[in-house]
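Visitor: I'll drop the sequence and a predicted model, then ask my questions.
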Amino acid sequence: MSTTNSPTTDATRARQVELSPIHDFAAKLTQPSTIHILKDYVRWSAAWRKERAQGRTLDHLLRQAPDYAPISINLDLTTSCNYACDHCVDMDILNTGIRYDDEKLKDSLREMAGRGMRSVIVIGGGEPTVHPTFPQMIRHMKSLGLKVGVVTNGSGMKKILEVADVLDEQDWVRLSLDSGSDATFQAMHKPKKAITLDQICEGIGPVKDKNPKPRIGFSFIIVWNDCEANKTKITSNVHEIVQAAERAKRYRFDYISFKPFLTRAESNNAEIVGLTQEENRLVGIMADIRRRIDEAKKLDGNGFKVVESTNLKVLENGTYRNYTDQPVHCHMQFFRQVLSPLGLYNCPVYRHVPQAKIAEKHSYSDVPGLKETQKSTLQLVEKFNAHDECKEVTCLYNHVNWFIEGLIEDPKKLEALQPSAEREDYFL
């Protein structure tokens, strides 16, 4: 499979200056605590390319696969959800009744932690706090020395409070709220059991009082007029950007993050920025969003921050297409994966998409399964053509994939590579 760069690749990568520190994955992979994993992967990949050029098959080198688990995983604890959001990108897999064997899941986490896994983002597929053993699972992860992030709809803040004592400075909780008023919250999220936006936000104070160390964020996906998902128009919330920021600061969130609406591509079910508007109309939409975010940014200070996602920045400045110019090989699927009750997948963008499936849900639960999964991961790196599959995806891993590609193609770059600063940030 060709790895030839497009003619604009170097210029494209040089313009990728919008990356926020949380999305600078190259810096995360080159921390002193992780750079050896990166180097071992690069050396293996370079050896494989030499073997392939000589007509040998991948099977020969799989016996020498790097003995690591992914550094970071997205963990879908459950497919159950207590909301009925029209815009949910996972609607087709919700409330299926498919679940883990909890003991095998714990075994999987233990095996991965023993082979280099450093962080878990508990997210997606459903609402994690409705999982019956959510507190026990969080405590199990922390007992393994893992950094933990939780993405929640906020309905289960009592369960977050229950585990707040084990969280530390590198851990975080992010609430997906997307609104400044309860009316918009109800229209967008449609909770199945009565709960208001105020009631959710009132759950932040007790957690902060119990343990101020973990960061707690207010997530706001910006939806403008004519955005659609699941063939349904989604409630616009642009007019509530400032109101949401005021609410977040008032209720003691550490930050509010703004990001653009995502939908599913018809061709391969990938999550993409949904641009149904003409380019000239989008300019007007982004100008309105910019004005409101600039107003919200006046609230920065006293421990509170207004954050713009990388996706929002590149959508506004017109460089989002640069992030769709992918190399053939997605190297990040070696370092970051998605574990779901439906199986193990190569990317958050492709959770539950058949062509992105690496293995079954309990594939990491014992040593023989882990060894086979390591091989399956490398096989998918070879087979999954990111240049074609991800051509519509504004990929936050674009920069680091090209960075790793350059190391594989030029051994001198690898030998000259120096560690970055240690941040103990392993969320990928």
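Guide: Structure received.
Visitor: Where do the strands of the stretch 251-400 of the chain begin and end?
Guide: With DSSP state E, counting those that start in this stretch, the ranges of strands along the stretch 251-400 of the chain come out as 255-260, 262-264, 271-273, 305-308, 336-340, 343-345, 357-359.
Visitor: Would you mind giving those strands as a markdown table with distance to residue 146 and mean neighbour count added?
Guide: The C-beta positions use only the backbone N, C-alpha and C, and glycine is treated the same way. Listed next are these as a markdown table, based on distance: least, CB to CB, whole Å; neighbours: other CB atoms under 10 Å:
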| stretch | distance to residue 146 | mean neighbour count |
| --- | --- | --- |
| strand 255-260 | 22 | 22 |
| strand 262-264 | 27 | 19 |
| strand 271-273 | 25 | 21 |
| strand 305-308 | 24 | 20 |
| strand 336-340 | 13 | 27 |
| strand 343-345 | 17 | 23 |
| strand 357-359 | 20 | 21 |
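Visitor: Check those for me: which has the lowest mean pLDDT.
Guide: For these, the bottom mean pLDDT is recorded on strand 271-273, which sits at a mean of 46.
Visitor: Least confident secondary structure element in the chain?
Guide: Least confident element among the helices and strands of the chain, by mean pLDDT, DSSP states H and E: helix 9-14 (a mean of 44).
Visitor: helices and strands around the following helix or strand past that helix, which ones?
Guide: Sequence order places helix 25-29 as the next helix or strand after helix 9-14, per DSSP states H and E. Packed against helix 25-29 by the contact rule (3 or more CB pairs under 8 Å, 6 or more residues apart in numbering; DSSP states H and E) you find helix 35-53, helix 398-409.
Visitor: centre of the chain versus the shortest one, how much separation?
Guide: Right, the one you point to is helix 398-409. Between the centre of helix 398-409 and the centre of its chain there are 19 Å (CA atoms, centre = their mean, to the nearest Å).
Visitor: C-alpha coordinates for it, CSV please?
Guide: Taking C-alpha atoms only, helix 398-409 is exported to CSV below (Å, rounded to 0.1, in the frame of the first residue of the first chain):
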residue,chain,number,x,y,z
ASN,A,398,-3.9,14.3,11.3
HIS,A,399,-0.8,16.2,12.6
VAL,A,400,0.5,13.3,14.7
ASN,A,401,-0.1,10.7,12.0
TRP,A,402,2.0,12.7,9.6
PHE,A,403,4.6,13.2,12.3
ILE,A,404,4.9,9.5,12.9
GLU,A,405,4.9,8.8,9.1
GLY,A,406,7.9,11.1,8.8
LEU,A,407,9.7,9.2,11.5
ILE,A,408,9.1,5.9,9.8
GLU,A,409,10.2,7.1,6.4
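Visitor: list the helices and strands that helix packs on?
Guide: Partner elements for helix 398-409 (3+ CB pairs under 8 Å, 6+ apart): helix 9-14, helix 25-29, helix 35-53, helix 332-335, helix 411-416.
Visitor: could you check the angle helix 35-53 makes with that helix?
Guide: 60 degrees (axes from the mean of the first three to the mean of the last three CA atoms, to 10 degrees).
Visitor: Specify the residue positioned farthest from the middle of the chain.
Guide: Distance from the centre of the chain peaks at residue 54, with 37.0 Å (CA atoms, centre = their mean).
Visitor: Could you export the strands of the stretch 251-400 of the chain as JSON lines, including distance to residue 60?
Guide: Below are the strands of the stretch 251-400 of the chain laid out as JSON lines (distance: least, CB to CB, whole Å):
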{"stretch": "strand 255-260", "distance to residue 60": "43"}
{"stretch": "strand 262-264", "distance to residue 60": "38"}
{"stretch": "strand 271-273", "distance to residue 60": "36"}
{"stretch": "strand 305-308", "distance to residue 60": "47"}
{"stretch": "strand 336-340", "distance to residue 60": "24"}
{"stretch": "strand 343-345", "distance to residue 60": "24"}
{"stretch": "strand 357-359", "distance to residue 60": "21"}
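Visitor: what's the closest of those to residue 37?
Guide: Nearest to residue 37, of all those, is strand 336-340, at 11.7 Å by CB to CB.
Visitor: List the neighbouring strands of the closest one plus their orientation.
Guide: In the sheet, strand 336-340 lines up against strand 72-75 (parallel), strand 343-345 (antiparallel) (DSSP bridges).
Visitor: where in this structure is pLDDT low?
Guide: For the chain, the stretches with pLDDT under 70 are 1-19, 89-91, 95, 228-231, 262-280, 318-320.
Visitor: quick one: buried residues of the longest strand along it?
Guide: Longest strand in the chain by number of residues (criterion: DSSP state E): strand 215-222. Within strand 215-222, the residues that count as buried by 16 or more other CB atoms under 10 Å are 215-222.
Visitor: Looking at the residues you listed, spot the one nearest residue 426.
Guide: For the buried residues of strand 215-222, the nearest to residue 426 is residue 215 (15.1 Å; CB to CB).
Visitor: Distance from the chain centre to stretch 354-368, please.
Guide: 19 Å.
Visitor: contact partners of that stretch?
Guide: 69, 100-101, 104-105, 107-108, 111-112, 268, 333, 337, 339-347, 350, 369-370, 372-373, 376-377, 380, 384, 389 (CB atoms under 8 Å, 6 or more residues apart in numbering).
Visitor: Double-check that residue 110 belongs to a helix.
Guide: Yes - if the criterion is DSSP: H, G, I helix; E, B strand; the rest coil, then residue 110 is within a helix.
Visitor: so what's the nearest residue to it once chain neighbours are set aside up against?
Guide: Spatial nearest neighbour of residue 110, excluding adjacent residues (CB to CB, 6 or more residues apart in numbering): residue 144 at 6.3 Å. Contact partners of residue 144, counting by CB under 8 Å, 6+ apart, are 109-110, 113.
Visitor: with those residues in mind, which one is nearest to residue 30?
Guide: residue 113 (21.2 Å).
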